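Participant: sequence? don't have it. structure:
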């Protein structure tokens, strides 16, 4: 029997035409489900003995085409590649053995499909081999369940084999990498030993660091590291001693006494009889002593300036002038003490003029029989000049007149705390800061157990003035409230810009000024502590700024001492990767 066939244009598998075909007919490949149009008459390439009847052969061909089409649909649904579903030659024989014996008319087809499948498999053409083996199984009438099971088993075996191969390759790569690291570690350690033997500490340091990156826990590395540290600390390299000698001379010329002393002592540890290093050591020690004396003198100078500023802020002009004079005697060339002395004289003159004007107004009010108004004006004068005897006499006179006047008696007139709060509130109102005035009047009202009508009226007046400021007042209150929260949480660096903004809105607010100074001081200390481990010079600079703000504080002095101890250490600790 002869069956016409045409190769599929897509997968090159044979497409059989039992009833023949003509050019222009439509065809479909049962393996890859590709549709195409015949361009020529199918070629008769398979020969066989003619059966007695053509109907069984035609039915068998139709059944094979249907089964192959169903298998192709299954392959498309499972998205399996040909290499995963390919049957091995041994499994093909198993399929053939399990199937019932085919009809004698199909023996040639069976032999041909099996032979072509094995030949395609041997030549590496897996697609054609798969098609031939499946055709052979269908001709043997093997059930679909058996074929699917064999395909799945083959795919599972291939996956397991591939996984084992991948794991073996990975393990081999890890072993090879470990061997390479071990060899590189041994080479780096050998180079470190050679560098130590040749007194080449730079090369030894580089080799030890490379070995530490490869195997940091190796005990041999710890031994070489200790040997390297001993040589670095003892300074046995004469070349390094020459370099340190030149560096010490440069530090000595720049009056960096601590650095110079460290370099000269390192040189003397290697070359004890070096005259240049010995002389430089003596000069550096003398420079450090003079520096310590100068620092102590400057510290006293800063303390005198700080005392004078505090006295000037409290309007104690005699104490402020005396403190500034002591600072000027310590450093006659400094301009700051002289400028502050001029400020003392100007503030005293302005204060005397203000107090004199208040006294005149109070005397006029007393002449007009207004003792209450005169008394409160005199309270302001007494707040500005507490030791003025004339103000005290006029206050006593006004108080006596108020005591004999009906409905004008104030039982809290003689309370100094009440008078102080009232005076601060009036001064704040006069300077245009109603918020500070509200706080002062509220404290005066609390001092009187909320019964004083004068403090209550003054509080309402200051609040009315604050409300009249509008947007500016709201912004100040919000910014100052946020700054107080940050200050309470010790987040001084974040509170600084808010306080500066609040001070720009109301420059005369003493609460903002005090809190701003405190935040600046604490922020400097915090930055100095953070910089201590990485930059001792920066720590010393920041602590010195904090000490200038508060010369009597101990914390900035301790930070300066710690920073200098790190900077002037004789031998710096070499860095070693951990």
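Facilitator: The structure has been received and is ready for your questions. Source: prediction; values computed, not measured.
Participant: buried residues in the helix or strand hosting residue 341?
Facilitator: Residue 341 belongs to helix 336-367 when assigned by DSSP states H and E. Across helix 336-367, burial judged by 16 or more other CB atoms under 10 Å covers 337, 340-341, 344, 348, 355, 358-359, 361-363, 365-366. The way it works is simple: take the backbone N, C-alpha and C, and place the C-beta from them, glycine included.
Participant: tell me where the protein has strands.
Facilitator: 3-7, 14-16, 26-28, 35-37, 43-46 (DSSP state E).
Participant: just those: most buried one?
Facilitator: Per residue and on average, the most neighbours among the strands of the chain fall to strand 14-16, with a mean of 20 (mean count of other CB atoms under 10 Å).
Participant: so which elements touch that strand?
Facilitator: Contact here means 3 or more CB pairs under 8 Å, 6 or more residues apart in numbering; DSSP states H and E; on that basis strand 14-16 packs against strand 3-7.
Participant: now do the strand it packs on: which elements does it pack against?
Facilitator: Counting by 3+ CB pairs under 8 Å, 6+ apart, strand 3-7 packs on strand 14-16, strand 43-46.
Participant: which stretch in those strands has the least confidence?
Facilitator: Comparing those by mean pLDDT, the weakest confidence falls on strand 43-46, with a mean of 55.
Participant: on that earlier part again, right, so of the strands of the chain, which gets closest to residue 499?
Facilitator: Nearest to residue 499 among the strands of the chain is strand 35-37; the distance by CB to CB comes to 83.0 Å.
Participant: dump the strands of the chain into JSON lines; add distance to residue 128 as well.
Facilitator: Below are those laid out as JSON lines (distance: least, CB to CB, whole Å):
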{"stretch": "strand 3-7", "distance to residue 128": "10"}
{"stretch": "strand 14-16", "distance to residue 128": "9"}
{"stretch": "strand 26-28", "distance to residue 128": "18"}
{"stretch": "strand 35-37", "distance to residue 128": "18"}
{"stretch": "strand 43-46", "distance to residue 128": "15"}
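Participant: and the helix holding residue 341, what other elements does it pack with?
Facilitator: Using 3+ CB pairs under 8 Å, 6+ apart as the contact criterion, the secondary-structure elements in contact with helix 336-367 are helix 275-313, helix 317-330, helix 371-384, helix 389-404.
Participant: out of those, deepest packed?
Facilitator: Sort those by mean neighbour count, taking mean count of other CB under 10 Å, and helix 371-384 sits at the top with a mean of 22.
Participant: angle of it against helix 389-404?
Facilitator: Counting by axes from the mean of the first three to the mean of the last three CA atoms, to 10 degrees, helix 371-384 lies at 150 degrees to helix 389-404.
Participant: list of residues touching helix 371-384?
Facilitator: Taking CB atoms under 8 Å, 6 or more residues apart in numbering as the criterion, the residues outside helix 371-384 that touch it are 315, 351, 354-355, 358-359, 361-363, 365-366, 388, 391-392, 394-395, 397-399, 401-402, 405, 408, 410, 413, 419-420, 422-424, 426-427, 454.
Participant: same check, this time on stretch 275-289
Facilitator: Stretch 275-289 has contacts (CB under 8 Å, 6+ apart) with 245, 248-249, 251-252, 255, 257-258, 260-261, 263-265, 267-268, 271.
Participant: closest one of those to residue 145?
Facilitator: Sorting the contacts of stretch 275-289 by how near they are to residue 145, with CB to CB, puts residue 263 at the top with 90.1 Å.
Participant: near residue 436, how many other residues are there?
Facilitator: If you count neighbours by other CB atoms under 10 Å, residue 436 ends up with 23.
Participant: wouldn't it be in contact with residue 509 here?
Facilitator: Yes. Residue 436 is within contact range of residue 509, at 5.4 Å (criterion: CB atoms under 8 Å).
Participant: quick one: residues contacting the residue nearest to residue 510 when sequence neighbours are not counted.
Facilitator: In space, not counting the residues next to it along the chain, residue 510 is nearest to residue 436; the distance is 6.7 Å by CB to CB, 6 or more residues apart in numbering. Each residue near residue 436 by CB under 8 Å, 6+ apart is listed here: 424, 425, 428, 506, 508, 509, 510, 511.
Participant: repeat for residue 445
Facilitator: For residue 445, the contacting residues are 452, 455, 456, 459, taking CB under 8 Å, 6+ apart as the criterion.
Participant: swap in residue 516?
Facilitator: For residue 516, the contacting residues are 496, 499, 500, 503, taking CB under 8 Å, 6+ apart as the criterion.
Participant: mind checking which of these are buried?
Facilitator: Buried by 16+ other CB under 10 Å: 496, 499, 503, out of the contacts of residue 516.
Participant: could you check how far stretch 309-319 is from the centre of its chain?
Facilitator: Relative to the chain's own centre, stretch 309-319 is displaced by 46 Å; criterion: CA atoms, centre = their mean, to the nearest Å.
Participant: among the contacts of residue 436, the buried ones, what's the PyMOL command?
Facilitator: Entered in PyMOL, the line below selects the buried ones among the contacts of residue 436, by 16+ other CB under 10 Å:
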select buried, resi 424+425+428+506+509+511
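Participant: which one of the contacts of residue 436 is nearest residue 185?
Facilitator: For the contacts of residue 436, the closest approach to residue 185 (CB to CB) belongs to residue 511, at 65.3 Å.
Participant: I figured that closest one was touching residue 439, is that so?
Facilitator: Yes. Counting by CB under 8 Å, residue 511 does reach residue 439; the two are 7.5 Å apart.
Participant: domain parsing for the protein?
Facilitator: If you go by automatic domain parsing, the domain ranges for the chain are 3-142, 337-409, 469-578.
Participant: of all those domains, which lies closest to residue 163?
Facilitator: Nearest to residue 163, of all those, is domain 3-142, at 13.4 Å by CB to CB.
Participant: I'd like the list of the contacts of residue 436 that fall within helices, please.
Facilitator: Members of the contacts of residue 436 lying in helices (criterion: DSSP state H): 424, 425, 428, 510, 511.
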